[in-house]
Each structure stands twice: as C-alpha cells, then as structure tokens.
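J.: Provided below for reference: sequence and predicted model.
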Amino acid sequence: MSEATPHSGPLRHFLQFRDFTKDEINYVIARARLIKDKFKRYEPHRTLHDLNLAMVFEKASTRTRVSFEAGMYQLGGSVIHLTTGDSQLGRSEPIEDTARVISRMVDLVMIRTFEQTRIERFAAHSRVPVINGLTNEYHPCQILADIFTFIEHQGSIEGKTVAWIGDANNMAYTWLQAAEMLGFKLNVSTPPGYGLEPARIGQPDASILEQFDNPIDACRGAHLVTTDVWTSMGYEDENEERRRAFADWCVDAEMMAVADPHAIFMHCLPAHRGEEVSAEVIDGPQSVVWDEAENRLHVQKALMEFLLLGQLKA
Ligand code: CP
Ligand code: NVA
C-alpha cells in the first residue's frame with residue numbers, strides 16, 4: 001500500500017474529542033506547535049511520505065477540505081476527495097461497504113457527514129483510522145484547533161472560562177467534552193428551546209458547566225467568548241424560526257465588555273456578521289478567528305501523524 005510504515009499499535013479513530021486521553025490531546029497540541037514552527041520556517045516535515053488520505057464530504061466545506069488536503073500534501077502524502085454526489089454513497093451504497101472498500105486502498109479516512117452513528121458505522125468497518133471532520137453531534141478537529149489557538153494567545157486553558165453563546169450544536173457539545181477533559185469552565189447561554197439536552201450531557205460539575213438565560217451573564221469574566229451559526233448544516237428548514245429565536249444571541253461589543261479585559265473572540269467560521277456576531281467584534285482587536293482557521297492546518301497535521309505513526313520523539 002505504501003513505503004512508509006504506519007505504527008503497528010491498535011487501530012485508533014478520532015470520532016469525538018473524548019476518544020483521546022488528556023495526555024494524547026496534549027501531545028497532539030504540542031506536536032502542532034512543532035509542526036507550525038517548522039511550517040513558518042519553510043522547513044519540510046514529511047513524516048507521512050507516500051501515505052494516502054481519503055476525504056468523504058457529505059456536507060459543504062471550505063476550511064476542513066483545504067486544511068486536510070494541504071496538510072496531507074505538506075506531510076508528503078496524497079489525498080482523494082469524494083462527495084456524496086460524485087460517489088456511490090449518493091446511490092445508496094451502504095456506508096459499511098464503502099468503509100470496507102475505501103479502507104483497503106488508503107491509509108487514513110476523514111469524513112464529514114450527518115449523524116454520528118453514520119461515522120461510527122463507517123469506523124466499525126474500516127481497516128484504517130477514521131477522523132470526524134464534523135457530524136451533527138460533534139466537531140472535534142475544530143475544538144483541537146480552538147484549544148491550540150487559545151493556548152497560543154492566553155496560555156494554559158486549565159481553570160479558565162469559555163463562554164458559548166448561541167446554539168447548543170456540534171461545537172457546543174464538543175466544547176463540553178474538552179472542558180471535562182482539560183479542566184476549564186464552560187458558560188453556556190442558548191435561547192429557550194435550543195439548549196443542551198440533559199440526556200446527552202449527564203450531570204457535569206458546576207465547576208465545568210454553568211448555563212445562563214441571559215448571554216451577557218455567560219460572558220461575565222470569560223477569557224474566551226465564542227459562538228457559531230444559528231443554523232447548522234442539515235437544519236436549513238428551521239432557518240426562519242431560528243432567526244427569530246436567536247435574535248438576542250448576537251455576540252456584540254456589550255457582551256465583550258463584560259468579559260475579562262484580555263478576552264479573545266473565536267468563531268469556527270463561516271460567520272454571518274449581524275446575526276450570531278457583530279462585524280465590530282469579529283473584525284475587531286479581540287478576534288483571533290484567522291489564527292483559529294489557520295490552526296486547523298497545523299493541529300490536523302499533528303492529528304494525522306499521531307493516528308498513523310503514534311507519538312514521535314522528534
Ligand atoms: N469551521 C469549519 O469546519 O469550516 P468549513 O465548514 O469551511 O470546513
Ligand atoms: N455548526 C456548524 C459548523 C460549521 C463549520 C455546522 O454544523 O454547520
């Protein structure tokens with residue numbers, strides 16, 4: 001299949017944030033730092049020479065596609081890009097059969113799809129590691145990039161406060177997994193009817209999760225204020241209803257003013273200025289959204305390398 005030798009350890013996937021231990025997350029982030037520093041010095045880092053990544057997109061993407069594709073080529077590997085429409089997935093080939101076939105031909109797979117159960121079914125029939133490039137339930141690669149970006153700007157995230165304003169979507173649930181693992185507090189404010197589902201979150205300690213009716217209260221003292229679109233991919237039919245329900249959940253200067261004086265703003269993008277965030281905030285001095293987007297490249301290179309080669313010394 002390839003000349004490089006992927007490590008012979010057990011098959012690992014990254015389907016949700018908590019699939020990795022805290023030590024493994026910290027390793028990937030430290031490795032992303034090394035990989036980013038070499039990238040900035042134009043030093044080659046070709047640890048995945050001759051290896052091949054298949055990317056399967058069942059939803060649209062800009063950042064995820066470009067970061068995985070550029071990242072794999074920079075690591076010395078190559079990429080195959082598939083969508084539902086241009087593959088047999090669009091003609092009802094079972095996801096299990098697709099997994100069996102693709103994973104006999106490539107070394108690694110990244111999938112962006114709808115239900116988490118769909119990527120779990122793929123992974124259960126895959127011979128190679130599978131990465132979640134976003135599902136309805138989780139977006140773990142984005143949160144890896146966000147944590148890395150937070151550390152770059154603010155230092156350790158342990159003991160800090162992150163304010164999540166808006167929809168209890170794939171990003172919010174992944175933030176909660178990260179808070180539980182890495183030991184920071186997540187303040188969440190969502191409109192009535194759009195909150196975290198109790199059955200999905202269990203009973204996190206009050207030092208990890210606090211929920212607020214008023215978004216201003218969630219932002220008070222936060223070291224990071226973050227939000228996302230009001231309507232995620234796959235929920236477009238609810239768009240009009242959501243625009244009305246979320247009108248007061250726009251991150252604006254008033255919200256940033258009550259946060260920590262050194263607070264930063266993040267958004268996974270794509271953003272809608274004037275909806276979930278004001279132009280003044282996303283284009284203002286506290287916003288780190290472009291670093292956040294760039295960091296997808298560096299953390300995912302570290303992630304792919306870890307899944308294929310394990311922990312490396314240099
Ligand atoms: N943030 C993110 O995943 O962006 P794309 O939808 O453009 O991949
Ligand atoms: N929550 C958004 C994130 C897009 C990157 C969505 O799922 O559409």
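T.: Thanks, I have the structure now. Ligands and ions are numbered 1, 2, ... in the order given.
J.: residues contacting whichever residue of the stretch 151-300 of the chain sits closest to ligand 1?
T.: Nearest residue of the stretch 151-300 of the chain to ligand 1: residue 268, at 3.8 Å (C-beta to the nearest ligand atom). For glycine as for every other residue, the C-beta is placed from the backbone atoms N, C-alpha and C. Residue 268 makes contact with 63, 139, 142, 146, 171, 228, 292, according to C-beta atoms under 8 Å, 6 or more residues apart in numbering.
J.: give me the subset of these lying in helices.
T.: 63, 142, 146, 171, 292 (DSSP state H).
J.: now the residue of the stretch 151-300 of the chain closest to ligand 1: how far from residue 37?
T.: Distance from residue 268 to residue 37, counting by C-beta to C-beta, to the nearest Å: 24 Å.
J.: now swap in residue 269 and tell me
T.: Taking C-beta to C-beta, one finds residue 269 at 24 Å from residue 37.
J.: got the residues of the stretch 151-300 of the chain near ligand 2?
T.: Residues of the stretch 151-300 of the chain lying close to ligand 2 by C-beta under 6 Å from any ligand atom are 169-171, 228-229, 232-233, 268.
J.: Serialize those residues to CSV and add fields for distance to residue 183 and pLDDT.
T.: CSV is the format used below for these (distance: C-beta to C-beta, whole Å; pLDDT from 0 to 100):
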residue, distance to residue 183, pLDDT
169, 23, 98
170, 22, 98
171, 19, 99
228, 23, 98
229, 28, 98
232, 27, 98
233, 31, 98
268, 22, 98
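J.: let me know the closest of these to residue 88.
T.: Closest approach between those and residue 88, by C-beta to C-beta: residue 233, at 21.9 Å.
J.: nearest residue to that closest one other than its sequence neighbours?
T.: Distance criterion C-beta to C-beta, 6 or more residues apart in numbering; nearest residue to residue 233, sequence neighbours excluded, is residue 59 at 4.6 Å.
J.: quick check: the one you found touching residue 133?
T.: No. Counting by C-beta atoms under 8 Å, residue 59 stays clear of residue 133, with 9.0 Å between them.
J.: pick out whichever of the two has more residues nearby.
T.: residue 133 (28 against 17; other C-beta atoms under 10 Å).
J.: ok, and the closest non-adjacent residue to that one?
T.: Residue 133's closest residue in space is residue 112 (C-beta to C-beta, 6+ apart), at 4.0 Å.
J.: neighbours of the one you found, how many?
T.: Neighbours of residue 112 using other C-beta under 10 Å come to 24.
J.: and it, what are its phi and psi?
T.: phi -120, psi 120 (degrees, to the nearest 10).
J.: repeat for residue 72
T.: phi -70, psi -40.
J.: tell me which element residue 300 is part of?
T.: Following DSSP states H and E, the helix or strand that holds residue 300 is helix 289-309.
J.: list the helices and strands that helix packs on?
T.: Helix 289-309 sits against helix 22-40, helix 63-74, strand 108-112, strand 130-132, helix 140-154, strand 264-267, with contacts defined as 3 or more C-beta pairs under 8 Å, 6 or more residues apart in numbering; DSSP states H and E.
J.: close to ligand 1: what parts of the chain are there?
T.: Within the chain, the positions adjacent to ligand 1 are 61-64, 134, 142, 268-269 by C-beta under 6 Å from any ligand atom.
J.: which of those residues has the most neighbours?
T.: The residue in the residues of the chain next to ligand 1 with the most neighbours, by other C-beta under 10 Å, is residue 142 (29 neighbours).
J.: residue 27: neighbour count?
T.: Using other C-beta under 10 Å, the number of residues around residue 27 comes to 17.
J.: stretch 141-150 and ligand 2 in contact?
T.: No. Contact of stretch 141-150 with ligand 2 is not found when judged by C-beta under 6 Å from any ligand atom; the minimum separation is 6.7 Å.
J.: how far is that stretch from where the chain is centred?
T.: Stretch 141-150 sits 7 Å away from the centroid of its parent chain (C-alpha atoms, centre = their mean, to the nearest Å).
J.: what is the rounded mean pLDDT of that stretch?
T.: On average, the pLDDT along stretch 141-150 is 99.
J.: go ahead and name everything in contact with the helix or strand containing residue 120.
T.: Assigning secondary structure by DSSP H and E places residue 120 in helix 116-124. Under the criterion C-beta under 8 Å, 6+ apart, residues 13, 15-16, 95-96, 98-99, 109, 111, 113, 130, 132, 135-138 lie in contact with helix 116-124.
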